[in-house]
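Colleague: Got a sequence here, can you build the structure:
(chains A and B)
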There are 2 protein chains.
Amino acid sequence: MLAYIERTRDGLRLTREEIQDLVAGVVDGRWPDYQLAAWLMAAYLRGLGEQEVVDLTEAMAWTGSGNQENALGEVDKHSTGGVGDKTTLAVAPLVASLGIRVAKMSGRGLGHTGGTLDKLESIPGFRVTLTREEVRAQVERVGVAVVAQSAELAPADGRLYALRDVTGTVDSIPLIASSVMSKKLAAGAPCLVLDVKVGRGAFMATLERARELASLMIRIGEAHGRRVHALITSMDQPLGYAVGNAVEVNEAAACLRGQGPQDLRQEVVELATHMVALARKWELAYAHEQVEQALATGKAYETFLQWIQAQGGDAQAVENGLPLAPARLKVRAEREGWVASVDALTVGQVVLRLGAGRERLGDPVHHGVGVQLSVKVGDYVSSGGELATVYAQQEDQAQGAARLLRQAIVLADAPVTVAPPVLEALGSGGGRIEPLLG
Amino acid sequence: MLAYIERTRDGLRLTREEIQDLVAGVVDGRWPDYQLAAWLMAAYLRGLGEQEVVDLTEAMAWTGSGNQENALGEVDKHSTGGVGDKTTLAVAPLVASLGIRVAKMSGRGLGHTGGTLDKLESIPGFRVTLTREEVRAQVERVGVAVVAQSAELAPADGRLYALRDVTGTVDSIPLIASSVMSKKLAAGAPCLVLDVKVGRGAFMATLERARELASLMIRIGEAHGRRVHALITSMDQPLGYAVGNAVEVNEAAACLRGQGPQDLRQEVVELATHMVALARKWELAYAHEQVEQALATGKAYETFLQWIQAQGGDAQAVENGLPLAPARLKVRAEREGWVASVDALTVGQVVLRLGAGRERLGDPVHHGVGVQLSVKVGDYVSSGGELATVYAQQEDQAQGAARLLRQAIVLADAPVTVAPPVLEALGSGGGRIEPLLG
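Modeller: Modelled structure (predicted):
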């Protein structure tokens, strides 16, 4: 292991066999944490070669319980994590409604970004832990299942990720790419669409880094025979209006009914289009048509309700709108103006502190709390106009949240230009594709 | 600690208070090894600022048992470690013979470089572990004591050094400088001469890096009120002819009797001159005169024998020449030529494998084994002429050593230019001083 550390430290490359030995030692406990920590910092600061990242991803994928041959779904998606990102809730049934099997594993929220599982669990009765046999049967029957990721999926990544978290080595493109892609390879779907977020509320702060990460992940997937596209989407402001758990389920349902915020709809349609196009090897334009039709005819919404029911959830409660927390407070503008920014990171942190997420694994989650924004960047608001509604457990928490939200929403004296939610699409080899609705 | 890791990782600076907290946590066990390992790798790759190194050194020095006010010696020396480096054995009594108190702590050998303590222990009866009171009394009576470094001298450095050894972070100028200087500050002498080795058998491979390390250590010492000079000395070939333990004691004794190899004498005189000049605030030229006189009158040799006796050693055995290992083999030249190089690293490794040193802490040491070279770089040797004598425990070990030595000593067809043993001298602020005998 010392030789591996020294090589990476000096910017030299490890062979496929050496990477495999390194990863095997992570799983069997041969390497102590301090040597792995030193190697991770060396990799963080010196980078890894592309072949090393490909080999690392493969080695991590194959140490787990994953099995490509038994993949239950035809297409997968992954988001690098954002604020108000409820796209999976809408995209999974939307794609499934076109006859494409979706069997997705998701994570819980940690820090200021929410987790799909927490959102799903705000639906009364919804079960996120199914056996493999249950997943198979459900996907056959209703076309879609979203379940908790098994700890055994990529155990090497599990140990390395825990160490990265406490050694300042999270924010590294090769390490992020191999971590994400090892789980996606292990999960086994032959097609994958990546949603790489960029901006204030995302891990990637600049478009350049987001592009670098996206294109590296595409190449890793392709090196292992997968078909992969990536969208680079803006996370300066939250996606849609709703941030929380139940409040986001309600917004996803609205989106599938043809309502809801424009930016969410646009991102959902674009993600679904790429997933359908990859799974069916269709032209993007044709896939887009099919997706729009599934939305327009209500087929997507119907699949959504069937999916919820199949997984034990109360579909009627979702149709009626899930109940939100009792202490409600409207945040109003103290002056008139145009919304110049809605800081996604702050909104995420506010909602986290209201109890919608967890600061540490194992913290309890309140499903009804959250924030419903009333404005997006570019909107005009009059003095006293509504900026947001806070849903809290208690009055004082609502007031604290309102204070922070007022700071997070910046008003300007003149109209501002608004960036589209989907900034770029990348296809095979990481090359650029024109976004559909850009 | 995570914040410290991230700052150093990003090339930002830690304050004095933060460095003190970091070091305190190393000693009290607050930081786990994996976080320290990540920080060390970040410091290795991003470097540390000069003020950070000064603060780190001070914090590590003050966590131990050291106490500047009670310093028992007036001047100290430190070598970064080389092959055949027996200078302490000669320099300590030489300086003491001029009435300057020398109370030096030394280490044991590890890897291919020998340790002063192992060499001293090849003298029958010699005790390297004295109480503080014994050291004080001996220094008062004979002017010199050389003892084992206490584990308590700089405990933070102890833990960090052990981690560096297994995380590929040994070879870092700021980390080496703070490690060495923390122990020297803790030991407490007001004056210090550093011997920074450069070349094949040394940690520093290039003159530039040796100069950088030397001048950083001088500035750290001066920032803490010490007077510090440094010599940069060549370690391409071993120093002198003798490499081992007893064989080196014999050579040091010869040097003090006015015999022995020229390069060893030159380095001993130059080190002693700087130590005397710093301790007495004399001009270098005057200090040099005094040193030469101490050698010429036999006063230095007399102090050497008194010192050995005071510390329990058999001075008569040293006068007679310490006995060497029984299996002896002469290495002879297979062709005629001029000696172009004597690879110090290989010679060091040969002697280590003969049993003179240890690969791991705690390995036993054989005092009689070693190599007595017959040639230095630049010498002419005829075909069949003597290159070296091996002293081994067993015949087959001697033969193995001889094979490796024959490869380590390279002969050329034409005379070669010879670099002087002392390459540079650095004074206050790291500025260059003309070497005395260059």
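
Colleague: rest of the way, CA atoms for contacts and neighbours
Modeller: Fine.

Colleague: Contact residues of the stretch 1-150 of chain A facing chain B?
Modeller: Residues of the stretch 1-150 of chain A found near chain B (CA under 8 Å from any CA of the partner chain) are A:2-3, A:5-6, A:9, A:33-42, A:45.

Colleague: So which of the residues you listed is surrounded by the most neighbours?
Modeller: Within these, neighbour counts (other CA atoms under 10 Å in any protein chain shown) peak at A:Ala38, which reaches 32 neighbours.

Colleague: so the helix or strand harbouring it versus helix B:33-46, what angle?
Modeller: Counting by DSSP states H and E, the element that carries A:Ala38 is helix A:33-46. Interaxial angle, helix A:33-46 versus helix B:33-46 (axes from the mean of the first three to the mean of the last three CA atoms, to 10 degrees): 30 degrees.

Colleague: Contacts for helix A:33-46 next, please.
Modeller: Helix A:33-46 is contacted by residues A:1-2, A:4-5, A:8-11, A:160, A:163-164, A:167-169, A:171-172, A:174-175, B:9, B:33-38, B:40-42, B:45, B:163, B:166-168 when judged by CA atoms under 8 Å, 6 or more residues apart in numbering or on different chains.

Colleague: Out of the residues of the stretch 1-150 of chain A next to chain B, the closest to chain B would be?
Modeller: Comparing the residues of the stretch 1-150 of chain A next to chain B against chain B with CA to the nearest CA places A:Tyr34 closest, at 3.8 Å.

Colleague: mind checking pLDDT for the residue lying closest to that closest one once chain neighbours are set aside?
Modeller: Nearest residue to A:Tyr34 in three dimensions, chain neighbours excluded: B:Tyr34, at 3.8 Å (CA to CA, 6 or more residues apart in numbering or on different chains). pLDDT, B:Tyr34: 95.

Colleague: swap in A:Gly378?
Modeller: A:Gly378 is assigned a predicted lDDT (pLDDT) of 95.

Colleague: residues contacting it?
Modeller: Here A:Gly378 is in contact with A:338-340, A:415-418 (CA under 8 Å, 6+ apart).

Colleague: Out of the residues you listed, which comes closest to A:Leu22?
Modeller: Using CA to CA, A:Val418 is the member of those that sits closest to A:Leu22, with 46.4 Å.

Colleague: I'd assumed A:Val342 was in contact with the closest one.
Modeller: No: the pair A:Val418 / A:Val342 is not scored as a contact, 11.9 Å apart, by CA atoms under 8 Å.

Colleague: Need the overlap of contacts for the two.
Modeller: Listed as contacting both A:Val418 and A:Val342 by CA under 8 Å, 6+ apart are A:Val377.

Colleague: So the two - more neighbours on which side?
Modeller: Between A:Val418 and A:Val342, counted using other CA under 10 Å, the more crowded position is A:Val342 (23 against 12).

Colleague: Distance of the nearest residue in space to that one that is not next to it in sequence relative to A:Pro238?
Modeller: Nearest non-adjacent residue to A:Val342, counting by CA to CA, 6+ apart: A:Ile409, 4.5 Å away. When distance is defined by CA to CA, to the nearest Å, A:Ile409 is 11 Å away from A:Pro238.

Colleague: Can you pick out the residue with more neighbours from these two?
Modeller: Neighbours per residue (other CA under 10 Å) separate A:Ile409 from A:Pro238, with A:Pro238 holding more: 27 against 23.

Colleague: Go ahead and confirm the more buried one touches A:Gly81.
Modeller: No: taking CA under 8 Å as the definition, A:Pro238 is not a contact partner of A:Gly81, at 11.1 Å.

Colleague: Please report the distance of A:Gly114 from A:Gly368.
Modeller: The spacing between A:Gly114 and A:Gly368, counted by CA to CA, is 13 Å.

Colleague: my bad, A:Leu185
Modeller: Distance from A:Leu185 to A:Gly368, counting by CA to CA: 34 Å.

Colleague: quick one, which of the two is more surrounded?
Modeller: A:Leu185 (29 against 24).

Colleague: Please report how far the residue nearest to the more buried one when sequence neighbours are not counted lies from A:Ala24.
Modeller: Nearest in space to A:Leu185, with sequence neighbours left out and distances taken as CA to CA, 6+ apart, is A:Ala61 at 6.0 Å. Look at A:Ala61 and A:Ala24: by CA to CA, they are 11 Å apart.

Colleague: now swap in A:Glu251 and tell me
Modeller: Distance check for A:Glu251 against A:Ala24: by CA to CA, it reads 44 Å.

Colleague: So those two - more neighbours on which side?
Modeller: A:Glu251 (26 against 18).

Colleague: contacting residues for that one?
Modeller: A:Glu251 is in contact with A:240-242, A:260, counting by CA under 8 Å, 6+ apart.

Colleague: From the chain's centroid, how far away is the longest helix seen in chain A?
Modeller: Longest among the helix segments of chain A by residue count, using DSSP state H, is helix A:262-280. What separates the centre of helix A:262-280 from the centre of its chain is 14 Å, taken as CA atoms, centre = their mean, to the nearest Å.

Colleague: Same question for stretch A:28-48.
Modeller: Distance of stretch A:28-48 from the chain centroid (CA atoms, centre = their mean) equals 26 Å.

Colleague: just stretch A:104-114 next, same as before
Modeller: Stretch A:104-114 sits 7 Å away from the centroid of its parent chain (CA atoms, centre = their mean).

Colleague: Over to stretch A:382-401?
Modeller: Using CA atoms, centre = their mean, the mean C-alpha position of stretch A:382-401 is found 26 Å from that of the whole chain.

Colleague: Do a quick rundown of the strands in the stretch 151-300 of chain A.
Modeller: Secondary structure of the stretch 151-300 of chain A (DSSP state E, counting those that start in this stretch): strands at A:191-198, A:227-234, A:242-244.

Colleague: List the neighbouring strands of the shortest one plus their orientation.
Modeller: What that stands for is strand A:242-244. Applying DSSP bridges to the sheet, strand A:242-244 is found paired with strand A:370-373 (antiparallel).

Colleague: Report the beta-bridge partners for A:Ser79.
Modeller: On the basis of DSSP bridges, A:Ser79 is bridged to A:Asp195.

Colleague: That one and chain B, how far apart?
Modeller: A:Ser79 is 25 Å from chain B, where distance means CA to the nearest CA, to the nearest Å.

Colleague: Then A:Thr116?
Modeller: Distance of A:Thr116 to chain B, given as CA to the nearest CA: 28 Å.

Colleague: where does chain A have low pLDDT?
Modeller: Chain A contains residues with pLDDT under 70 at A:64-70, A:109-110, A:151, A:361, A:435-438.

Colleague: And the residue nearest the centre of it?
Modeller: A:Ser79 (2.8 Å; CA atoms, centre = their mean).

Colleague: I figured it hits A:Ala202, correct?
Modeller: No: applying CA under 8 Å, one finds A:Ser79 not in contact with A:Ala202, separated by 10.4 Å.
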